[in-house]
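1. I'll drop the sequence and a predicted model, then ask my questions.
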Amino acid sequence: MAEMKKILIVDDEINTRMALVRYLRRRFEIDEAENGEVAIHALKQKDYDLVLTDLRMPGVDGIGVLDAALSKANAPQCIVFTAYGSVEKAVEAVKKGAFDFMTKPVKLDKLEAVINKALENIENHAAEPAQKTSRKSANLCRSEAMQKLYDVIETVAPSRSTVLITGESGSGKEVAAKMLHKMSGRKGLFVAVHCAALPENLLESELFGHEKGAFTGALDQRKGRFELSDGGTLFLDEIGEIPLSTQVKLLRVLETRTFERIGSSDPIQCDIRLLAATNKDLKKMVDEGTFREDLYYRLNVVNLEIPPLREHAEDIEHLANEFAAEFASENGKTVPVFTPEAMQKLKKYNFPGNIRELRNCIERLIVFNKTPEITEDDLPENIRNYTPVFQEIKLLQNQEQKQLGSDNINEQEHALILKVLEECGNNRTLAAEKLGISRRTLQRRLKDYGINE
């Protein structure tokens, strides 16, 4: 007799939960969770084939449950439920990796059909040859610069060292963090906290949890992200947004591997691998007194700097084709071909929003595309009409090319940089954006010219 598939049902509405249990228990082995925290604990203890979760729940919501489920080595298929007015949130869940979504009230016959499709998907994946998680299966970038970065990730991943991931917004910092977790061999979950998205008064509760009655509105005990990521990886994105008072507590956790929930003095041990990311200059913040120096050095044991897309523009073509295939599949369309002119425009554009901007651009192109190809005229106006400031002056030459270059080109480069700096009131960040290069590259060029801060 075949082993029954295991389903975890997550919903804070007891009537909905009970109805689903009654309907499905004849075919499946069922566990239930009345909220997101209980669900994440269950996911840490057991492997499931399917997770059915409501999206709107107090505390850890359905997106949190989805992230926890998909972070597992044997990730289950996930189906999310949403109220009619919250379909946009459900679409976000599908983009994150949910198999499908259904609006409430859930029609049980339709749910069964979706479950059967999800199970069929499981069987199809099981029939495929097993692949070891590696940088090859996760890597969409093939440039030399990115391959060197992936070499470092592969080397650092198995260690317990804290890693500080730096780079511009949209460059792929969270992708790098997930790769580190997957290659680490840690059995626990990958839990992400986007520090900039949380008000200061909620951040500590989100990180450390709280006891019932700890403050106004604390109606129940709640586990924080440190507790939920025990045995796994905690990723703190935009770490530079954490206030100084919270930085002190974070430093203590890193030093002692213990913390207390808000409203309690009982220490809780945690076994976590901490990864942090920022698009800010933390060293400058240390000098300004807005970031603790001792915490900075605790975080910056290993530094991974993710280059902006414009510094590995040779990856644009491959990335664009991969994203086109992904979104065509999601939307039930044939994968279109980029005309040479369209691809050339994409490759010349400086993408200030980095890989995220490219991905969003390709998604829009696929959604509106009605022909077998994407032409130059289909591209957004800002890409279609973009003219690099440097044009034929190759500021991002490698060392060999630079040695072969003429003095005249270097002089033009020098003059152009000084002109743009003057136009930008000596604001180097604005000047770098206008030039279509990173601020770090601009700093290197100015140093070459003997121009200091």
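-> Yep, that arrived.
2. Reduced to three states, what does the nearest residue to Gly36 once chain neighbours are set aside come out as?
-> Closest residue in space to Gly36, ignoring its immediate chain neighbours: Val60 at 2.8 Å, by Cβ to Cβ, 6 or more residues apart in numbering. The way it works is simple: take the backbone N, C-alpha and C, and place the C-beta from them, glycine included. Assigned by DSSP: H, G, I helix; E, B strand; the rest coil, the conformation of Val60 is coil.
3. Tell me how many other residues crowd Val60.
-> For Val60, the count of nearby residues is 23 (other Cβ atoms under 10 Å).
4. hang on, it packs against Ala33?
-> No: judged on Cβ atoms under 8 Å, Val60 makes no contact with Ala33 at a distance of 10.1 Å.
5. Between those two, which contacts overlap?
-> Ala39 (Cβ atoms under 8 Å, 6 or more residues apart in numbering).
6. Helices of the stretch 351-453 of the chain, start to end?
-> Along the stretch 351-453 of the chain, counting by DSSP state H, counting those that start in this stretch, helices occupy 354-368, 381-384, 399-404, 407-423, 428-435, 439-448.
7. Of the ones you listed, which shows the lowest average pLDDT?
-> Looking at these, the lowest mean pLDDT belongs to helix 399-404 (a mean of 43).
8. so what's the residue nearest to Gly36 up against?
-> Contacts of Val60 (Cβ under 8 Å, 6+ apart): Asn35, Gly36, Glu37, Ala39, Ile40, Leu228.
9. Phi and psi next, for it.
-> phi -70, psi 120 (degrees, to the nearest 10).
10. Give me the pLDDT value at it.
-> So Val60 comes in at 88 (pLDDT).
11. How about Lys132?
-> The model's pLDDT for Lys132 equals 40.
12. any idea which of the contacts of Val60 has the most stuff around it?
-> Ala39 (28 neighbours).
13. So which bits of stretch 188-207 are buried?
-> Neighbour counts over stretch 188-207 (16 or more other Cβ atoms under 10 Å) mark 188-193, 195, 198, 203-207 as buried.
14. Show only the entries of those residues found in helices.
-> Within the buried residues of stretch 188-207, membership in helices is found for Leu203, Glu204, Ser205, Glu206, Leu207, as judged by DSSP state H.
15. Quick check: can you name the pairing partners of the helix or strand where Phe235 lies and their directions?
-> Here Phe235, judged by DSSP states H and E, is contained in strand 233-237. Applying DSSP bridges to the sheet, strand 233-237 is found paired with strand 190-194 (parallel), strand 273-278 (parallel).
16. Flag every buried residue along the strand or helix carrying Ala328.
-> Using DSSP H and E, Ala328 falls within helix 316-330. For helix 316-330, burial by neighbour count (16+ other Cβ under 10 Å) applies to Ile316, Leu319, Ala320, Asn321, Phe323, Ala324, Glu326, Phe327, Ala328.
17. In CSV, list the residues you listed along with distance to Leu234.
-> What follows is those, written out as CSV (distance: Cβ to Cβ, whole Å):
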residue, distance to Leu234
Ile316, 32
Leu319, 28
Ala320, 33
Asn321, 34
Phe323, 29
Ala324, 34
Glu326, 28
Phe327, 31
Ala328, 35
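18. Can you tell me which of those is closest to Arg160?
-> Leu319 (32.0 Å; Cβ to Cβ).
19. ok, now which ones touch the closest one?
-> Contacts of Leu319 (Cβ under 8 Å, 6+ apart): Leu140, Cys141, Ile355, Leu358, Arg359.
20. Widest-spaced pair of those?
-> Farthest pair in the contacts of Leu319, by Cβ to Cβ: Cys141 and Arg359, 12.6 Å.
21. ok, and the most crowded of the contacts of Leu319?
-> Going by other Cβ under 10 Å, Ile355 tops those with 23 neighbours.
22. Return the distance of that residue relative to Ile316.
-> 9 Å (Cβ to Cβ, to the nearest Å).
23. who touches both of these two?
-> Leu309.
24. how about low-confidence regions in the protein?
-> The chain contains residues with pLDDT under 70 at 1-2, 84-87, 124-139, 388-410, 412, 452-453.
25. now do 80
-> 1-2, 73, 83-92, 95-96, 121-140, 201, 387-414, 430, 432-441, 448-453 (pLDDT under 80).
26. Walk me through the domains of it.
-> Following the assignment in automatic domain parsing, the chain carries domains at 6-125, 146-305, 309-384, 399-448.
27. Quick one: distance of stretch 4-11 to the chain centre.
-> 27 Å (Cα atoms, centre = their mean, to the nearest Å).
28. picking that back up, want to throw the helices of the stretch 351-453 of the chain into JSON lines with distance to Asn303?
-> JSON lines is the format used below for those (distance: least, Cβ to Cβ, whole Å):
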{"stretch": "helix 354-368", "distance to Asn303": "19"}
{"stretch": "helix 381-384", "distance to Asn303": "32"}
{"stretch": "helix 399-404", "distance to Asn303": "23"}
{"stretch": "helix 407-423", "distance to Asn303": "27"}
{"stretch": "helix 428-435", "distance to Asn303": "20"}
{"stretch": "helix 439-448", "distance to Asn303": "13"}
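29. who wins for proximity to Leu119 among these?
-> Nearest to Leu119 among the helices of the stretch 351-453 of the chain is helix 354-368 (28.3 Å), distances taken as Cβ to Cβ.
30. Number of residues surrounding Glu260?
-> When neighbours are defined as other Cβ under 10 Å, Glu260 has 17 of them.
31. quick thing: my sequence starts at 49, can you match it?
-> Yep, numbering from 49; the last one is Glu308 now.
32. Setting aside sequence neighbours, what's the nearest residue to it?
-> Counting by Cβ to Cβ, 6+ apart, the nearest residue to Glu308 once its immediate chain neighbours are dropped is Pro315, at 5.9 Å.
33. what's the answer for Ala141, then?
-> Val128 (4.7 Å).
34. is it fair to say the one you found lies in a strand?
-> Yes: assessed by three-state DSSP, Val128 belongs to a strand.
35. OK, contacts around it?
-> 100-103, 110, 114, 138, 141-142, 146, 148-150 are the contacts of Val128 under Cβ under 8 Å, 6+ apart.
36. Turn the buried ones among these into a named ChimeraX selection, would you?
-> Buried members of the contacts of Val128, defined by 16+ other Cβ under 10 Å, are picked up in ChimeraX with:
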select :100,101,102,103,110,114,138,141,142,146,148,149,150
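37. Which of the contacts of Val128 fall within helices?
-> Those of those lying in helices (DSSP H): Gly110, Leu114, Ala138, Ala141, Val142.
38. of all those, which comes closest to Asp426?
-> Nearest member of the ones in helices among the contacts of Val128 to Asp426, counting by Cβ to Cβ, is Val142, at 24.7 Å.
39. For the stretch 49-198 of the chain, which segments count as strands?
-> 54-58, 77-81, 98-102, 125-130, 148-151 (DSSP state E, counting those that start in this stretch).
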